[in-house]
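Asks: Here is a sequence with its predicted model. Questions after.
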Amino acid sequence: MTIEPSRKRRLLIYTDLDGTLLDHDSYDTSATASLRQQLKQLGVPVVWNTSKTAAELESLRLSLEHTDPYIVENGAALYFPDESTQQPKMTFGPGHDHIMTCLEGVRRQFRFKGFHDMSVAEVAAATGLDEGDAALAKQRQFSEPLTWQDSPGKMSDFLAAMADCGLHVLRGGRFVHILGEFNKATPMAWLNDYYATQWDATVDTVALGDSQNDIAMLQAADRAYLIRSPAHVTPQINGQANIRIAKGYGPEGWAEAMAAEVDALMTPQTPPDDAIKTSLPG
Ligand SMILES: [Mg+2]
C-alpha cells in the first residue's frame, strides 16, 4: 500500500529526547522505530528539541538516521543537517562564557555543582552516560547544567541572582539548567515560518516532552503530549486544552501519541467525492 498523506495539513513534530523519545534510564528508543519510519515516509519532519549539546547529538543522529533540523541546549540554537554541524543556523541567547562568569560571581552564596566543575567521570555518573558521551555533554556552547546542592528554600534567591545577569533557570528531569532568556519554544516560531514558506502551507505543530523544561514547547504547539516519566512526577500544566497526557511511559508514550497523529493524518476529514461515487451501487 502506498502512503498518501492528506493534503490539507502539513505536520511538523517537535520532540524532547531524554525521557520522551529516549528511555530515561537506558536511552533505548526501539518502541518508536516503526512510527519514526512512517513519519519519514509521510514527509513529516521530527525536529529534536533537547537540552543536549550539538556535539552529543552527532552519533545519535547517525544511529537513528535523523535528517531533520534540531534544536540544542533548551532552545539556544537551531541546526540544519544539510549545513555544517560545527555552526548553528541561528542562535537565540548569550554564550557559555557569560553564564560561567555569572555563576562564579555567586559561588560563595549557593552550593551547586555544574558540568564545568565536574570531571568526565562525574558527569558520566550524574547522567548515566558513558565517558565518551559525558565528554561530549561537557561541550556546552549556550547553557550550564548543574546539580543543586543547597536547600530548596534558597532557590528563589538563586533565581533572582541569575536574573540580575540576564539569565534564567530551567528545571529539567535531572539537572537545573542555567541559560539565556530563551526556552525550547523560542526557535519554534522561526522554524514554523521556515516550513510554512518551504511548503507554501499552514504548519500544524505537535510537541512531545516529559519535564518542566518542555512546558514552553508544549504550550507553543497546536497539539502536545506530555509523556510520563518513571523518574519524576508529571509537571502540572494548568488546564490547557491542547495538551494531553500519554498513557505509556517514555518512548512507549511517544509511539502511542504519534500513532494517533499518523492515524489522524491518514484519515481524510471529509471523504473525497470520488470515493463516495465509487461506493454507490450501479
Ligand atoms: Mg526530557
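Replies: Happy to help now that I have it. Residues are numbered from 1 along each chain as shown.

Asks: What backbone torsions are found at residue 243?
Replies: Backbone torsions of residue 243, given as degrees, to the nearest 10, read phi -110, psi 120.

Asks: Secondary structure element for the spatially closest residue to it that is not a sequence neighbour, which one?
Replies: Setting aside the residues directly before and after it, residue 243 is nearest to residue 224 in space (Cβ to Cβ, 6 or more residues apart in numbering), at 4.6 Å. For every residue, glycine as well, the C-beta is placed using N, CA and C. Per DSSP states H and E: residue 224 is located in strand 223-228.

Asks: check whether that strand contacts the ion.
Replies: No. Strand 223-228 does not reach the ion (Cβ under 5 Å from the ion); its nearest approach is 7.8 Å.

Asks: Helices of the stretch 151-282 of the chain, start to end?
Replies: 155-164, 186-199, 215-220, 250-266, 273-279 (DSSP state H, counting those that start in this stretch).

Asks: most packed of these?
Replies: helix 215-220 (a mean of 21; mean count of other Cβ atoms under 10 Å).

Asks: Show me what from the stretch 1-150 of the chain comes close to the ion.
Replies: 16, 18, 19.

Asks: and these as JSON lines, adding secondary structure, pLDDT and neighbour count?
Replies: Formatted as JSON lines, those follow (DSSP: H, G, I helix; E, B strand; the rest coil; pLDDT from 0 to 100; neighbours: other Cβ atoms under 10 Å):
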{"residue": "16", "secondary structure": "coil", "pLDDT": "98", "neighbour count": "28"}
{"residue": "18", "secondary structure": "strand", "pLDDT": "93", "neighbour count": "24"}
{"residue": "19", "secondary structure": "coil", "pLDDT": "95", "neighbour count": "28"}
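
Asks: what's the closest of those residues to residue 27?
Replies: Proximity of these to residue 27 (Cβ to Cβ) peaks at residue 18, which lies at 7.7 Å.

Asks: The closest one touches residue 28, doesn't it?
Replies: No. Using Cβ atoms under 8 Å, residue 18 is not in contact with residue 28, being 11.9 Å away.
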